[in-house]
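Undergrad: I need the structure of the sequence given here:
(one chain, ligands or ions: 1)
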Amino acid sequence: MNRDYDVVIIGAGPAGLTAALALGGAGRRVLLLDGGPPRNARATAAHNVFTRDGCAPTDLKALGLRDLEPYDITVRHTPAREARAVDGGFAIRHEDAGGGGGWARARRLLFASGVRDRLPHIPGLRERWGLTIHHCSYCDGWPNRDAKLGVLGSHQEGHHLALNVRAWAEEVSLLTDGPDELTHEQREDLQRIDVPLYTQPVARISGKDGVTVHFRNGKRLDLEGLFLNPTQVQNSGLPAALGCELDAKSRVTVNENGMTSVRGIWAAGDMT
Ligand SMILES: Cc1cc2nc3c(=O)[nH]c(=O)nc-3n(C[C@H](O)[C@H](O)[C@H](O)COP(=O)(O)OP(=O)(O)OC[C@H]3O[C@@H](n4cnc5c(N)ncnc54)[C@H](O)[C@@H]3O)c2cc1C
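TA: Next comes the predicted model:
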C-alpha cells in the first residue's frame, strides 16, 4: 500500500470536486481520482451553475481543482481500476495506461463516478450530442428559447420532455422514431399545446448549426435543436463489484446521508 487516506474519492466531476472541498475543509486526508472528462464534456457551456453560468465544463473543472489546492488533497489523474474491502477499510488500485499509479488504502470510499448516456443508434446523433442535441431543458432551454425544436422519444419520457421543452419554445415537434407508445391522454396533451407527432422511423441526422432529421420515408424535418432523454448506465462497475445495491434504473442506492448499502462506501452525484 502506498499511503493511507481518510477518504478516496472516485471521480472529479461536480460531485467529486464538491465532496473533496468539503472533506478537505474538514481536515481529512483525501485522494481524488480523476478518471477523465465529466458527463457534459461535449457541451460548450454549462448553465444553472451558481456564479459560473455559461462556463465551459472544462474550465469549471479546472476552477474546481484549483479550489482544492489549500487542502490535504492529492489529485491523481488516473482512474480507479479495482477496489477491495480490507482490514475495515478499502484498497483501491489506480493505474494509468502508462503503468503509473498503484494501490492506495482508505478508511472510507466515496464514489462520484457519474453515469454514461446510452444514445440511440441513429447515424449523426452522437456527433451532435451536447452541441445541437441536448438532454435537459433547464440546461439548454434558454439558449434555444423560441427556436424550432424537436424532442425524440416514444413513450412517457418523450411526452414529458415535449411538454417541458414547449415551455421554452412555441414550435416543438415530438419524433417517436417508429410506432409510439403514447396513451390517449398523452396525445390529447400534445394536441392541446400544438406539438405535432412524427411517427416515421428516423434514418439519420445531419446539419451543422441546426439539426436536419431524415426519415426513412425520404421526408426531412429541419430543426434548430433536438432534445432527448437517454437511459443512463453507471460509468464504473466498481460499486456493484463491491456489493453496493443498485436500483431498477441502475442508480446506486444511498440513504438520506449518502451512504450506500455497504458500510463505509458513499456515493454522490448523477450515479445515485
Ligand atoms: C450534454 C450534456 C450537457 C449538460 N449540461 C448541463 C448544464 O448546462 N448544467 C447542469 O447543471 N448540468 C448539465 N448536465 C448534467 C451534468 O453534466 C451532470 O449532472 C454532472 O456532470 C454530474 O456530475 P457528477 O460529478 O455526478 O458526474 P460527472 O460529471 O459525470 O463526473 C464523474 C467523473 O468520474 C469519472 N470517473 C468515472 N469512472 C471513474 C473511475 N473508475 N475512476 C476515476 N474516475 C472515474 C468520470 O470520468 C467523470 O470525470 C449536462 C449533461 C450532458 C450530458
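Undergrad: CA only for contacts and neighbour counts going forward, please
TA: Fine.
Undergrad: Spatially central residue for the chain, please.
TA: Note on the chain: the residue nearest the mean C-alpha position is Arg39, at 4.3 Å, using CA atoms, centre = their mean.
Undergrad: Show me the domain layout of the chain.
TA: As recorded under automatic domain parsing, the domains making up the chain are 4-116+231-271, 120-228.
Undergrad: Quick check: residues of the stretch 101-250 of the chain near the ligand?
TA: 112-115, 129-130, 134, 139, 235-236 (CA under 6 Å from any ligand atom).
Undergrad: Would you list the buried entries among those?
TA: Listed as buried from these are 112-115, 129-130, 134, 139, 236; burial here means 16 or more other CA atoms under 10 Å.
Undergrad: show me the contacts for Leu68.
TA: Residues near Leu68 by CA atoms under 8 Å, 6 or more residues apart in numbering: 20-21, 24.
Undergrad: Inside strands: which ones of the residues you listed?
TA: In strands, judged by DSSP state E, none of the contacts of Leu68 are found.
Undergrad: sorry, back to before: how about the domains of the chain in TSV, adding mean pLDDT?
TA: TSV is the format used below for these (pLDDT from 0 to 100):
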stretch	mean pLDDT
domain 4-116+231-271	95
domain 120-228	96
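Undergrad: Roughly how far does Thr132 sit from Leu125?
TA: Distance from Thr132 to Leu125, counting by CA to CA, to the nearest Å: 9 Å.
Undergrad: in stretch 181-199, what's buried?
TA: Buried, per 16+ other CA under 10 Å, within stretch 181-199: 182, 186, 189-190, 195, 197-198.
Undergrad: hang on, Asp222 in a helix?
TA: No: counting by DSSP: H, G, I helix; E, B strand; the rest coil, Asp222 is not part of a helix but strand.
Undergrad: Strands along the stretch 101-250 of the chain, start to end?
TA: Using DSSP state E, counting those that start in this stretch, the strands of the stretch 101-250 of the chain run over 101-111, 115-118, 133-134, 149-152, 172-175, 197-198, 202-206, 211-215, 220-223, 225-228, 231-234.
Undergrad: Turn those strands into a markdown table, columns for distance to Arg263.
TA: Shown next, in a markdown table, are the strands of the stretch 101-250 of the chain (distance: least, CA to CA, whole Å):
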| stretch | distance to Arg263 |
| --- | --- |
| strand 101-111 | 9 |
| strand 115-118 | 22 |
| strand 133-134 | 37 |
| strand 149-152 | 40 |
| strand 172-175 | 45 |
| strand 197-198 | 48 |
| strand 202-206 | 47 |
| strand 211-215 | 47 |
| strand 220-223 | 49 |
| strand 225-228 | 36 |
| strand 231-234 | 20 |
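Undergrad: Can you say which of those is packed in most?
TA: The highest average neighbour count among the strands of the stretch 101-250 of the chain, using mean count of other CA atoms under 10 Å, belongs to strand 149-152 at a mean of 28.
Undergrad: helices or strands up against it?
TA: helix 156-165, strand 172-175, strand 225-228 (3 or more CA pairs under 8 Å, 6 or more residues apart in numbering; DSSP states H and E).
Undergrad: residues making contact with that strand?
TA: Contacts of strand 149-152 (CA under 8 Å, 6+ apart): 158, 161-162, 165, 169, 171-177, 223-229.
Undergrad: and whichever residue of the stretch 151-272 of the chain sits closest to the ligand, how far is that from Ile205?
TA: Taking CA to the nearest ligand atom as the measure, the stretch 151-272 of the chain has Gly269 as its residue closest to the ligand, at 3.3 Å. According to CA to CA, Gly269 stands 31 Å off from Ile205.
Undergrad: now do Val49
TA: 30 Å.
Undergrad: Same question for Arg220.
TA: 9 Å.
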